[in-house]
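[1] Sequence and predicted structure, then a few things I'm wondering about:
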Amino acid sequence: MIKITLPDGSIREYEDGVMLFDVARSISEGLARNTLGAVVNGQTRGLQERVNEDSEVRFVDFEDKEGKAIFWHTSAHIMALAVQRLYPDVKFAIGPAIDDGFYYDFDTEHRFTPEDLEAIENEMKKIVKEGHELVRTEMQREEAITHFEPMGEVYKVDLIRNLPEDSVISFYTLGEFIDLCRGPHLKDISKVKAVKLMSIAGAYWRGDEKNKMLQRIYGTTFEKAKDLEAYLHRLEEAKRRDHRKIGREMNLFSIQEEGPGFPFFHEKGMIIRNKLEEYWRQEHIKAGYGEIKTPMILNEALWHQSGHWDHYKENMYFTEIDEADYAIKPMNCPGSILIYKNGMYSYRDFPMRWAELGLVHRHELSGALHGLMRVRAFTQDDAHLFMTPAMIKNEIKGVIELCDRIYKTFGFEYHMELSTRPENSMGTEEQWNLATDQLREALEELGAKYQLNEGDGAFYGPKIDFHLADAIGRTWQCGTIQLDFQMPERFDMYYVDDNSNRVRPVMVHRTVLGSMERFMGILIEQFAGKFPLWIAPEQVRLIPVTERHQEFAAGVAAQLREKGFRVNLDSRNEKVGYKIRAAQMEKVPYMLVIGDKEIEENIFTVRHFITDEQGKNFQYELSLEDLSNKLQQEIDSKQYFL
């Protein structure tokens, strides 16, 4: 008999080799009907797989990332079978699940067209109705080569030949399609109710441009048609909110051919950035941080000492100065450590909290660059905290509370993930266990919900990551808290304790926004360019009806500017309707049309860029003083509209 421990702590006994589906059914028929797979001792497994030892088991559905991965991996196999039926000459490469669905790479003389996608979709729906189950089998390496070579499956053979000679290789069969695959997969493909193939792209085999170009088909599937419809709606909404498109329309930033991956911030973009930095500094002062600045270029030897050379050099840029080798910093922490080592500290000086808006450079592949979201030069809103071991939990809780306060200012919901020791880590198991326990206890003492992300910590310590959910449900990883026992050891950092002994401090690395560039991109998409008034590059636009109204409008603009508001006067010789539409396109929060009535009564019809359910802009009748008070109140409260 074996023991299965469930998430609620209960333990059940089963025969050795019990199928996971039978475990789920023994708990409840509803669970067996709705679950897609299970996580067994940290590994995702299919319901048709068996358990042969005492295990911790958590069943997953489509709401879980593991459930989605199983669902979409199986969908890739369904698509492959459909393509095999429609285009018998096809050769198969790889077909994994990805964040929002799946893809499969094919080698065929036929050139896929958008019309083909509809035919493949229809064939996939037929396959689902046929009610196949995925059957898992295993072969020795040589047996697998013998199986696939006569079929002409050159890509599968290539994959197999790169495995160790003593490998036992798993395969999954779906109908007449058999694939080299680790799994896991759905037991019941009838759950795949809604199918949409999204696009066709080219992809080199193994990502190497020296190899053959294959055809990649992207798709997604859902359990319910309404969920697919909602997903497609989100995609359309994401296109409308694309920060690159809005950035061009609002003249916020650009990426030039002369500097791929190196953003240029325009005048209006700098207003947003400066306001964000101003707010960032205010919150950090309240939280007891001091601000530092460290050089962008430091001697190469420093990066050997820090460990970045061994773990990160392929992402770094280098230069030579006075015949010595230097590196352009990819991270700010070594500079902060050098400042620490410039002084002498006792336990009475702790905790020390140093924040830095530090410009870093990292080499990203050209294909990965994406507007402000993925760049080669960015400013991290970094901070490094130094403390005694007894202070760890309180300091971690303080960082979590700071993140919570800042994220709520912009209307973000978020979840946290605790990431543990990766394979290529530095330090002892004892240090890692201590560090991980401290992070876990801080989260639990705050009553914070979090997900465990095994093996995804930084190479020098475990971490807590913050994943923000935006207005249309997408998630973005922004803040991080990383506990580090390694850097103090490598740099021989110490403080003097209450017994006059030299002791290693504990170091915490953390960001809140992640990077100024990426966070600005996220904000553009969060608000679709309709920024909260306090960071809007232009807050008020005055639109005189005719030329004779311009002098009065200029006076109003001057009064509002005197009060600190960002105001523009549209004095172009254009019709009022054209000017109004221009202000709407440029997403100016407040618009004042000035004509005879406004001059005579000194009362203004103020149009706000937020619309009601009928799509009409909100309007107010206000005096200039009342308008100023309204604007200032909205700025002070940091009110936002989603």
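    In hand now; what should we look at? Numbers count the residues shown, from 1 in each chain.

[2] buried residues in stretch 340-357?
    340, 347, 350-357 (16 or more other C-beta atoms under 10 Å). For glycine as for every other residue, the C-beta is placed from the backbone atoms N, C-alpha and C.

[3] ignore the last one, stretch 579-593
    For stretch 579-593, by 16+ other C-beta under 10 Å, it's 579-580, 583, 586-593.

[4] And for stretch 153-169?
    Neighbour-count burial for stretch 153-169, with 16+ other C-beta under 10 Å as criterion, is recorded at 153-157, 159-160, 169.

[5] which residues sit against that stretch?
    Stretch 153-169 is contacted from outside by 91-94, 105, 107, 138-141, 144-145, 148-149, 179-180, 205, using C-beta atoms under 8 Å, 6 or more residues apart in numbering.

[6] Now do it: distance from first to last residue.
    Distance across stretch 153-169, first residue to last, is 16 Å (C-alpha to C-alpha, to the nearest Å).

[7] Check the offset of that stretch from the chain's centre.
    Offset of stretch 153-169 from its chain centre (C-alpha atoms, centre = their mean, to the nearest Å): 33 Å.

[8] who does the helix or strand containing Leu228 touch, helix- and strand-wise?
    Element membership for Leu228 (DSSP states H and E) is helix 225-241. Applying 3 or more C-beta pairs under 8 Å, 6 or more residues apart in numbering; DSSP states H and E, one finds that helix 225-241 makes contact with strand 194-204, strand 213-222, helix 516-527.

[9] thought Ile255 was touching Pro263?
    Yes: taking contacts as C-beta atoms under 8 Å, Ile255 lies within contact range of Pro263: 6.0 Å.

[10] what's the average pLDDT for stretch 312-327?
    Mean per-residue pLDDT for stretch 312-327: 93.

[11] ok, and for that stretch, which residues are buried?
    Buried residues in stretch 312-327, counted by 16+ other C-beta under 10 Å: 312, 316, 326-327.

[12] Same question for stretch 166-179.
    Result for stretch 166-179 [16+ other C-beta under 10 Å]: buried residues 169-175, 177-179.

[13] Who has more neighbours out of Ile255 and Pro263?
    Using other C-beta atoms under 10 Å as the criterion, Ile255 and Pro263 rank with Pro263 on top: 23 against 18.

[14] which residues touch the closest residue to the more buried one other than its chain neighbours?
    The shortest distance from Pro263 to any non-neighbouring residue, by C-beta to C-beta, 6 or more residues apart in numbering, is to Phe253 (5.3 Å). Under the criterion of C-beta under 8 Å, 6+ apart, the neighbours of Phe253 are 247, 263-266, 269, 372, 520.

[15] contacting residues for the residue nearest the centre of the chain?
    Residue closest to the average C-alpha location in the chain (C-alpha atoms, centre = their mean): Trp476, at 3.1 Å. The contact partners of Trp476, by C-beta under 8 Å, 6+ apart, come to 467-468, 470, 518, 522.

[16] Is it bridged to anything, and to what?
    Note on Trp476: beta-bridge partners Leu468, judged by DSSP bridges.

[17] Okay, strands next: where are they in the stretch 201-350 of the chain?
    In the stretch 201-350 of the chain, strands defined by DSSP state E, counting those that start in this stretch lie at 213-222, 253-254, 264-265, 290-291, 297-299, 317-321, 324-328, listed in chain order.

[18] Make JSON lines from the ones you listed and add distance to Gln633 to it.
    As requested, those are exported to JSON lines (distance: least, C-beta to C-beta, whole Å):
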{"stretch": "strand 213-222", "distance to Gln633": "44"}
{"stretch": "strand 253-254", "distance to Gln633": "30"}
{"stretch": "strand 264-265", "distance to Gln633": "29"}
{"stretch": "strand 290-291", "distance to Gln633": "29"}
{"stretch": "strand 297-299", "distance to Gln633": "46"}
{"stretch": "strand 317-321", "distance to Gln633": "47"}
{"stretch": "strand 324-328", "distance to Gln633": "45"}
